[in-house]
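Enquirer: The sequence isn't on hand, but the structure is:
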C-alpha cells in the first residue's frame, strides 16, 4: 500500500479486487493492483475534499469545501475519464457561507447534495438536486431548513429520507414534497441514516436505532460507549452490516470503533481495529474484503469480514522479514501482532492451539514491503497457550502467546 503520510483520507471505494480509489483532502488516488501501488489523479485543485462517490472506473463524483484562501463555498467535481479531467459545480448562493454536509446519488445521473448555510447566528439546511450527472443543480424546497439535515438517503427512485436532529422526513415524489415520517425527539445524537431494505432502516448516533416499518418507529439496538458516535454505515445485504464510530471533542479527534451485525441489526459485535484514529469512510467489496480510511493516512484492510484488520504502520522498507512478539502478552481478550515484510510477498499468519488445530487466519494476502500490524481476538476461546505462525515463500517463524481470562 502507498504510504499517504499524514494526509487525511476521506473516501474509499473498490470496483473489484484490483481497481479502487481513495480520496484524500487534496487528491484522488487510484490503484489497479489491489492497493499495492497508488497513482495520484488530483481533484481539480483548490478545495478540501470530503465525500466520494464512484459509479464505475471512469465516472466519479467528489464533494468538498471551496476554495483557497477563504473556504466559504461548496464544490462538487465530476470526472468521466477516471480523474484525468474534472468539471466543477460551485455552490455559493446569496448568503454568506455554505458548508459541505454530504451528497447522495441514486445513479450516475440523479443525485442530491446537502449543505449548511450560515446566515448570521442561524444555520439553514439546503438541498440541491441534479438529473444530468452534476452538470447543473436546482434547489429543492424543504420544510425543515432551520433544523438542518444531518443525512439523506434514497430508498428508491421516488423515495428520499432526510434526517434532522429531531425528526425523520420523507418524500415519495423525488424530493418535491416532504412530510414528517417520525418525530425522534431529543436526548440522542443522530447523524447518519441507512436503508438496506424497503422496510428496514437504521439511524446512527450515540446509539444505533433500527426501524422495520419504514421509519415510523425506531428502537435502540446498540449503545456505543462514550465518547463514540456512529458516523457511517455500510450494509452488504439486509443481514450483514458495519457501523464505524468516531468522536470529535473540541480539538481532539479519536475513533477506531467498528461494530458488525450479521442478523439484520438485532445484535452488534465490536471489531478489533488497533487504532484510535478518526475513521472517515468504510467500503466492503464483498462479505470478506473491506477497507476503512481515516486521519493521518490510515488505511485498514480486512480479508476476514472484519474479524481482523491489517494496518500498514511503517514508512521505511524493512531489511528483512520479522515477526514480533504479540503485545500485551499475556492478554485478555485481544492482542496486537506486528510484522515486517521485506519484499512483495504473499503473507500468511495463522493462529493455532496447543494441539496444532488452526484457530484463525489473521493474514492471507499479497503485501508490499513495509511494517504492518494486525490483531487477534480471543474472546471466544478458553485460557491457554496459543501459537501464531507467519509464512512467506522465503520466511517462516512461529511465536507463542498466552491468553488468560
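Expert: Arrived safely. All values reported here derive from a predicted model rather than from experimental measurement.
Enquirer: show me what contacts residue 405?
Expert: By Cβ atoms under 8 Å, 6 or more residues apart in numbering, the contact list for residue 405 reads 332-333, 382-383. From N, CA and C alone the C-beta is placed, and that goes for glycine too.
Enquirer: Any idea which of those residues the model trusts least?
Expert: Ranked by pLDDT, the contacts of residue 405 bottom out at residue 333, which scores 92.
Enquirer: For that residue, grab the count of nearby residues.
Expert: 14 (other Cβ atoms under 10 Å).
Enquirer: Would you agree it is in contact with residue 377?
Expert: Yes. If you go by Cβ atoms under 8 Å, residue 333 and residue 377 touch, sitting 6.0 Å apart.
Enquirer: nearest to residue 273, of the contacts of residue 405?
Expert: Ranked by distance to residue 273 (Cβ to Cβ), those are led by residue 333 at 14.6 Å.
Enquirer: Among the contacts of residue 405, which ones are in helices?
Expert: Per DSSP state H, helices hold no members of the contacts of residue 405.
Enquirer: Please indicate which of these are buried?
Expert: Neighbour-count burial (16 or more other Cβ atoms under 10 Å) applied to the contacts of residue 405 gives no buried members.
Enquirer: farthest residue from the center of the protein?
Expert: No residue in the chain sits farther from the centre than residue 355, which is 38.7 Å out by Cα atoms, centre = their mean.
Enquirer: And that one, how far from residue 403?
Expert: 15 Å (Cβ to Cβ, to the nearest Å).
Enquirer: picking up where we left off before, as TSV, the contacts of residue 405 with distance to residue 389 would be great.
Expert: Formatted as TSV, the contacts of residue 405 follow (distance: Cβ to Cβ, whole Å):
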residue	distance to residue 389
332	22
333	20
382	20
383	21
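Enquirer: Which member of the residues you listed is positioned nearest residue 362?
Expert: Closest to residue 362, out of all of those and judged by Cβ to Cβ, is residue 333, at 14.8 Å.
Enquirer: Contact partners for residue 242?
Expert: Residue 242 is in contact with 233-235, 258-261, 271, 282, 284, 290, 306, counting by Cβ under 8 Å, 6+ apart.
Enquirer: repeat for residue 112
Expert: 103-105, 127-130, 140, 152, 154, 160, 175 are the contacts of residue 112 under Cβ under 8 Å, 6+ apart.
Enquirer: mind checking the SS state of it?
Expert: Reduced to three states with DSSP: H, G, I helix; E, B strand; the rest coil, the structure at residue 112 is strand.
Enquirer: and the gap between it and residue 288?
Expert: 32 Å.
Enquirer: Ok, residue 28 next?
Expert: Residue 28 sits 26 Å away from residue 288, going by Cβ to Cβ.
Enquirer: So those two - more neighbours on which side?
Expert: Using other Cβ under 10 Å as the criterion, residue 28 and residue 288 rank with residue 28 on top: 26 against 12.
Enquirer: and the closest residue to that one other than its chain neighbours, what pLDDT?
Expert: Once flanking residues are discounted, residue 28 sits nearest to residue 41: 4.3 Å by Cβ to Cβ, 6 or more residues apart in numbering. We have a pLDDT of 90 for residue 41.
Enquirer: I'd assumed residue 82 was in contact with residue 41.
Expert: Yes. Checked against Cβ under 8 Å, the pair residue 41 and residue 82 is within contact range at 7.1 Å.
Enquirer: shaky segments in the stretch 151-300 of the chain?
Expert: 187-188, 248-252 (pLDDT under 70).
Enquirer: which residues do residue 41 and residue 82 both contact?
Expert: residue 30.
Enquirer: can you list the domains in the chain?
Expert: Using automatic domain parsing, the domain ranges for the chain come out as 9-312, 322-403.
Enquirer: from those domains, which stretch is densest packed?
Expert: Across these, averaging neighbours per residue (mean count of other Cβ atoms under 10 Å) puts domain 9-312 on top, at a mean of 18.
Enquirer: Quick one: end-to-end length of that domain, please.
Expert: 14 Å (Cα to Cα, to the nearest Å).
Enquirer: Figure out how far that domain is from the centre of its chain.
Expert: Chain-centre distance of domain 9-312: 8 Å, with Cα atoms, centre = their mean, to the nearest Å.
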